[in-house]
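Participant: A predicted structure for the sequence below; I have some questions about it.
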Amino acid sequence: MVVVHTVVAIVLAIGLIIRLKVDPVISLILASLYLGLAAGVGFTGTIEAIATGFGEIMAEVGLLIGFGVLIGAMLHAGGAFRRLVEVLVRVVGATRLPYTLSTLLSTVLPAIYVDVQVVLAAPVARSAAARLGRNGLPLMASALGAGIFAGYVFVVPGLAAISIAGLLDVSLGTWLLFGIVIGPATAIVTSIVMRLLLRTGFWKPDSDEEVDDALAAQEASEPDQAGTAKSRALPLVVLLLPILVPLVMIAFGAFADLLDFSTPFIAFLGNANFALFVGLLGAYLLSRVTAGLEATRDSMDQGFHTTGEILLITGVGGSLGAVITQTTLDRTLADFFSADSGAPVILSIGLAWFIAALLHLAIGSVSVAAITAAGIIAPILDSLSVSPVVIGLAIASGAMFALQVNSNFFWMFKALLGLSTKGTLKTLTLGTALASVISLPMVVVASLLA
């Protein structure tokens, strides 16, 4: 029954938000209360899980969101994102922007936390969307989501990729040979499919786009002439240093840990919170120099307004995930699937994919779904007639299936891209579902080579 109650809770949250127009914060709390009480977590346990889940998410991403949004606000006001988009259009052309973004996210940036990626990439996606016409925003949003999660689950050193490989005892070198092909291929094909789907007219800007007032003001604002002149005089790479420096710091820390040469000082430099604070400090100084004190204050005010909404919804999304983890869902799945350990290759791949997909739908975390699925399958791995790396890739494919309302990332994505809940379901949820399904045949092909 715990599976049924979990499904009901998720459907309840979506239904309240979309059909009855109930605020997401209220809807997610109601869904959390229903699930906790119906699944036997108890009165006290449910409230504790809601509060603990909120606090844990805030401890994990609170500063990242705040620093990242402020960086984005000041760089946008200084014209950095506008110039970056102009350069990309000149180099790759407007029609190739979604594929370029998706490829970069899935190959170059998997070392960076997904929360950091979306915070820093969202302003670029919004700025580029205007170059692509009516469907520009959903196309760029879909490409962003597919690129982030394809890299996260398939490409080393993405957290989910490393976790799965470690639990199934697959060497990272072997994993990389397959993942570096499947990851970007999945992101690009997903972006192409989304472009074709958007031509059918299912995107409705009036109901699918819902830009926050402060975000809209930020998008519409123009830096003063003096600030614009100074920004134009600076090389683009200098204007983008508040993003590039944190990315290098975080990536260096991740690789140092991966290759076992990390020290407390390297870990300090590579900490995402510290790295983004360095980026914020750089953005603030650049904005003071190029735009002046008053414009910098305006950008900070707009960033603070946007941050508050994102933090509250993100935290409540974490509350629902925390309640789900207090149920017995993982044990139910382990008992159910352990009897099927002697399945043939295709069935084993499908089984691993299905376990991870179901866990992700229920839990709302790609990494937790991947780790839990790998933990369930690892004990029966020797009895499966398929290579461990293929099973791991199948888990990775399933773990990104249909990211939706019980994920804190969903609400960050919604607010940062300026989408309604329905619009986020049409881009992030549909996009990651397509990416998951599209990558599965690639995993089957990989089984012929492994």
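Facilitator: Ah, there it is. Numbering: from 1, shown residues only.

Participant: just checking, residue 73 touches residue 298?
Facilitator: No - here residue 73 does not reach residue 298: they are 9.0 Å apart, not a contact under C-beta atoms under 8 Å. No exception for glycine: its C-beta is placed from N, CA and C like everyone else's.

Participant: more neighbours, those two?
Facilitator: The neighbour count for residue 73 versus residue 298, taken as other C-beta atoms under 10 Å, is higher for residue 73 (28 against 19).

Participant: residues near the residue lying closest to residue 328 once chain neighbours are set aside, how many?
Facilitator: Nearest residue to residue 328 in three dimensions, chain neighbours excluded: residue 2, at 5.5 Å (C-beta to C-beta, 6 or more residues apart in numbering). A count of nearby residues for residue 2, using other C-beta under 10 Å, gives 20.

Participant: and if you look at residue 255?
Facilitator: As a burial measure, the neighbour count of residue 255 was computed by other C-beta under 10 Å and equals 16.

Participant: For residue 268, which residues are in contact?
Facilitator: Residues counted as contacts of residue 268 (C-beta atoms under 8 Å, 6 or more residues apart in numbering) are residue 274.

Participant: Need the single longest helix in the chain, by residues.
Facilitator: helix 43-77 (DSSP state H).

Participant: pLDDT averaged over it, what's the number?
Facilitator: In this model, helix 43-77 has an average pLDDT of 85.

Participant: List of residues touching the helix or strand following it?
Facilitator: Sequence-wise, the next helix or strand beyond helix 43-77 is helix 80-92, with elements assigned using DSSP states H and E. Judged by C-beta under 8 Å, 6+ apart, the contacts made with helix 80-92 from elsewhere in the structure are 72, 75-76, 97, 100, 123-124, 126-128, 131, 231-232, 236, 239-240.

Participant: any idea how far the helix or strand just after helix 80-92 is from the chain center?
Facilitator: On the C-terminal side of helix 80-92, the nearest following helix or strand under DSSP H and E is helix 97-107. Taking the mean C-alpha point of helix 97-107 and that of its whole chain, the gap between them comes to 14 Å (C-alpha atoms, centre = their mean, to the nearest Å).

Participant: And stretch 174-184, by the same measure?
Facilitator: Centroid displacement of stretch 174-184 relative to its chain, using C-alpha atoms, centre = their mean, is 19 Å.

Participant: Have a look at the protein and report the helix or strand with the lowest mean pLDDT.
Facilitator: helix 213-220 (a mean of 55; mean pLDDT, DSSP states H and E).

Participant: My read is that residue 32 contacts residue 46, right?
Facilitator: Yes - in this structure, residue 32 is within contact of residue 46 by C-beta under 8 Å, at 7.1 Å.

Participant: ok, the two, which is more surrounded?
Facilitator: The residue with more neighbours, out of residue 32 and residue 46 and counting by other C-beta under 10 Å, is residue 32; that gives 29 against 23.

Participant: so what's the more buried one up against?
Facilitator: Counted by C-beta under 8 Å, 6+ apart, residue 32 has contacts 9, 46, 49-50, 316, 319-320, 323.

Participant: Check residue 365 too.
Facilitator: In this structure, residue 365 makes contact with 321, 407, judged by C-beta under 8 Å, 6+ apart.

Participant: What are the phi and psi values at it?
Facilitator: When quoted as degrees, to the nearest 10, the phi and psi of residue 365 stand at phi -120, psi 120.

Participant: pLDDT weak spots in the stretch 251-400 of the chain?
Facilitator: 310, 314, 329-343, 379 (pLDDT under 70).

Participant: Could you check how far the residue nearest to residue 198 when sequence neighbours are not counted is from residue 191?
Facilitator: Leaving aside its chain neighbours, residue 198 sits nearest to residue 135 (4.3 Å; criterion: C-beta to C-beta, 6+ apart). Taking C-beta to C-beta, to the nearest Å as the criterion, residue 135 is separated from residue 191 by 12 Å.
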